[in-house]
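**Student:** Quick one, what's the 3D model for this:
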Amino acid sequence: MYKLVILVIIITLFYFLYYQNNSLVISKLQINSRDIPNSFNKCKIVHLSDLHNKRFGNNQKKLVKAIKEINPDFIVFTGDSVDSRLYNEKPALTLLSQILEIAPVYYVTGNHEWKSGRYYTLKEKIKELGVKILDNKFSKLQKGNDYIYIMGISDPQRYSKKTRYQLFKNKLINITNKIDEDKYKILLCHRPELLPLYTSQNINLVFTGHAHGGQIRLPIIGGVFVPNQGFFPKYTSGIYNEDKTKMVVSRGLGNSSIAPQRLFNRPEIIVLILNKHNN
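**Tutor:** Residues are numbered from 1 along each chain as shown. Coordinates of the predicted model:
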């Protein structure tokens, strides 16, 4: 009897840990703003981040199916499609090639693409698929008679620690100086801890990842630890508001090789709805 109880506990624990790492959750969020153009009212955006080589079924079947059922207007991916220590680009390329058939995909790098030392070859493969890579670039999204800007900043991991923040800031300022100040602006970048910088450039909406939701999440407390934020971090999941800027932080899909287990923090697909708010 004792051995049976132990066996049941072990099986239950194994299933719980597997479920935490592999069961997708869809988080439905909304942004209300008078600055959203009329043609973009009810625009649906899927936000993906931090795949880290993760597979969800054969050929990413489960993940692709979930995104297809959402039927987004466009998809954004905010970095770490690969893991630098256990580099494997196939899961990311398999995913990107399929979701491109659902909606346009916009992509920026995370720190792991740069740390892998293979980003330039990976970048060419992603571009060949038809993904729009926004490394220090911007593009216009047109709907009806209206358009908005979507910008991207390459992760600062590519720079030395001494110059990292200043170069990242310079890249963002350079882009915002090239676009119409009065238009709605979306920014894709990997790091949420730089929200004050995004706010200083009057960005309307920012999509970020990197935090993995704190990897382990505790009731009431939230995320436990995030690189570049430390213990009990401020920015881990959901929407954060600062002045006129709203930042969406994805908990991500996969795990880094040094933190292979999620707890109370299942892999996340974000669905964000833009609502034109006239009041």
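
**Student:** that's a strand at Met151, yeah?
**Tutor:** Yes - counting by DSSP: H, G, I helix; E, B strand; the rest coil, Met151 is located in a strand.

**Student:** my guess is it meets Leu188, correct?
**Tutor:** Yes - Met151 is within contact range of Leu188, at 7.0 Å (criterion: CB atoms under 8 Å). Glycine gets a C-beta too; all of them are placed from N, C-alpha and C.

**Student:** Find residues that contact each of these two.
**Tutor:** Both Met151 and Leu188 are in contact with Leu134, where contact means CB atoms under 8 Å, 6 or more residues apart in numbering.

**Student:** For the residue nearest the centre of the chain, which residues are in contact?
**Tutor:** By CA atoms, centre = their mean, the chain has its centre lying nearest to Ser49, at 3.2 Å. Counting by CB under 8 Å, 6+ apart, Ser49 touches 77-80, 110, 190, 207-210, 250, 252-253.

**Student:** Out of these, flag the one nearest to Ile133.
**Tutor:** Phe77 (9.7 Å; CB to CB).

**Student:** A helix includes the closest one, no?
**Tutor:** No - counting by three-state DSSP, Phe77 falls outside a helix, being strand.

**Student:** burial measure for it, as a count.
**Tutor:** 30 (other CB atoms under 10 Å).

**Student:** ditto for the one 3 residues further on
**Tutor:** For Asp80, the tally of surrounding residues (other CB under 10 Å) stands at 28.

**Student:** same thing with Lys137?
**Tutor:** Here the count is done by other CB under 10 Å, and Lys137 has 17 residues near it.

**Student:** Correct me if wrong: it contacts Met151.
**Tutor:** Yes - counting by CB under 8 Å, Lys137 touches Met151, with 7.3 Å between them.

**Student:** Mind listing the shared neighbours of the two?
**Tutor:** Taking CB under 8 Å, 6+ apart as the criterion, Lys137 and Met151 both touch Ile175.

**Student:** What pLDDT does the model give Val8?
**Tutor:** The confidence metric pLDDT takes the value 87 at Val8.

**Student:** roughly how far apart are the nearest residue to Ile179 once chain neighbours are set aside and Asp73?
**Tutor:** Spatially, and ignoring its direct neighbours in sequence, Ile179 is nearest to Tyr149 (5.0 Å; CB to CB, 6 or more residues apart in numbering). To Asp73, Tyr149 is 15 Å away according to CB to CB, to the nearest Å.

**Student:** More neighbours: which of those two?
**Tutor:** Between Tyr149 and Asp73, Tyr149 has the larger neighbour count (other CB under 10 Å), namely 20 against 16.

**Student:** and the more buried one, bridged to which residues?
**Tutor:** Beta-bridge pairing for Tyr149 (DSSP bridges): Lys140, Lys185.

**Student:** give the contact list for it.
**Tutor:** Counting by CB under 8 Å, 6+ apart, Tyr149 has contacts 138-141, 179-180, 183-186.

**Student:** Repeat that for Lys162.
**Tutor:** By CB under 8 Å, 6+ apart, the contact set of Lys162 is empty.

**Student:** Can you verify it is assigned to a strand?
**Tutor:** No - using three-state DSSP, the secondary structure at Lys162 is coil, not a strand.

**Student:** any idea how far it lies from Gly152?
**Tutor:** When CB to CB is the yardstick, Lys162 and Gly152 sit 24 Å from each other.
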